[in-house]
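Enquirer: model the structure of this input:
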Amino acid sequence: MFYYFAKVLVRAIIKVIFRIKVKGIENIPKKGPVIICPNHISLLDPPVVGALLNRRIYFMAKEELFRNPFLKLLLGTGLGAFPVKRGTADLSAIKTALNHLKKGRAVGIFPEGTRSKTGKLQKAEPGVAMLAIKSKAPVVPVGIKGKYGLFSKITINIGKPITFDKYYDSKLSSQQLAEIGEEIMKEIAKLI
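Expert: Residues are numbered from 1 along each chain as shown. Here you go, the predicted model:
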């Protein structure tokens, strides 16, 4: 209930503050597991993407945010986000994401693992590829274009879902995970 209230409120606020255009919303499957993969240029990316897309998204968020009791309550309990220890193979975060996907939910992951300070795309962390293979969920690339500023124009381009069928049920090397991550980032690049 809180999630949907927050979504409506944030959507109303951002439509006043920014000139946002969303293209390709029809590319997000209406049901079933899906991994939403946007580029990451601002702290505002999660609320903007969460408010404007047509699915409830369970975002993977940096663990540091959950150290603050208020943010832990807001993000975790209220919005369904879950922590990830960046720069490590966080098995707890992977298990949580797989559990959400197993239940047919949408999981939001910023494949770069952190915000880009320059706006240029960075390499994908291997976790996104691992999740796509283990869950067999389609990955929907999302390109966020523009800079957040009062009345600034922002475009959110949603690409077609990508699947990696040829890798399913295979034990992958770190090189193959990197290649899958690179493929995801190439699709995001086309959208920005």
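Enquirer: quick one: the helices in the protein, in order.
Expert: Applying DSSP state H to the chain gives helices spanning 2-17, 45-52, 69-71, 91-102, 126-135, 174-191.
Enquirer: export those to TSV and tack on mean pLDDT and mean neighbour count?
Expert: The way it works is simple: take the backbone N, C-alpha and C, and place the C-beta from them, glycine included. Formatted as TSV, the helices of the chain follow (pLDDT from 0 to 100; neighbours: other CB atoms under 10 Å):
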stretch	mean pLDDT	mean neighbour count
helix 2-17	91	13
helix 45-52	94	20
helix 69-71	88	10
helix 91-102	94	17
helix 126-135	92	22
helix 174-191	94	16
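Enquirer: figure out which of those is closest to A81.
Expert: Among those, the nearest to A81 by CB to CB is helix 45-52 (7.6 Å).
Enquirer: can you list contacts of that closest one?
Expert: Helix 45-52 has contacts (CB atoms under 8 Å, 6 or more residues apart in numbering) with 6-7, 10-11, 14, 18, 20, 22, 36, 38, 57, 59, 61, 79, 81, 108, 110, 115, 142, 144, 154, 156.
Enquirer: coming back round to it: the helices of the chain: which one's closest to I28?
Expert: Closest to I28 of the helices of the chain, according to CB to CB: helix 45-52, at 10.7 Å.
Enquirer: mind listing which of the contacts of helix 45-52 are in strands?
Expert: If you go by DSSP state E, the contacts of helix 45-52 have I20, V22, I36, P38, I57, F59, A61, G108, V142, I144, I154, I156 in strands.
Enquirer: what's near enough to touch the residue lying closest to the second one once chain neighbours are set aside?
Expert: In other words, V22. Nearest residue to V22 in three dimensions, chain neighbours excluded: I156, at 4.7 Å (CB to CB, 6 or more residues apart in numbering). Shown in contact with I156 (CB under 8 Å, 6+ apart): I20, K21, V22, K23, P38, V48, V49, L52, V142, G143, I144, K145.
Enquirer: circling back: what would the helices of the chain look like in CSV with distance to K166?
Expert: Below are those laid out as CSV (distance: least, CB to CB, whole Å):
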stretch, distance to K166
helix 2-17, 35
helix 45-52, 29
helix 69-71, 40
helix 91-102, 19
helix 126-135, 10
helix 174-191, 10
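Enquirer: this completes my enquiry, with thanks.
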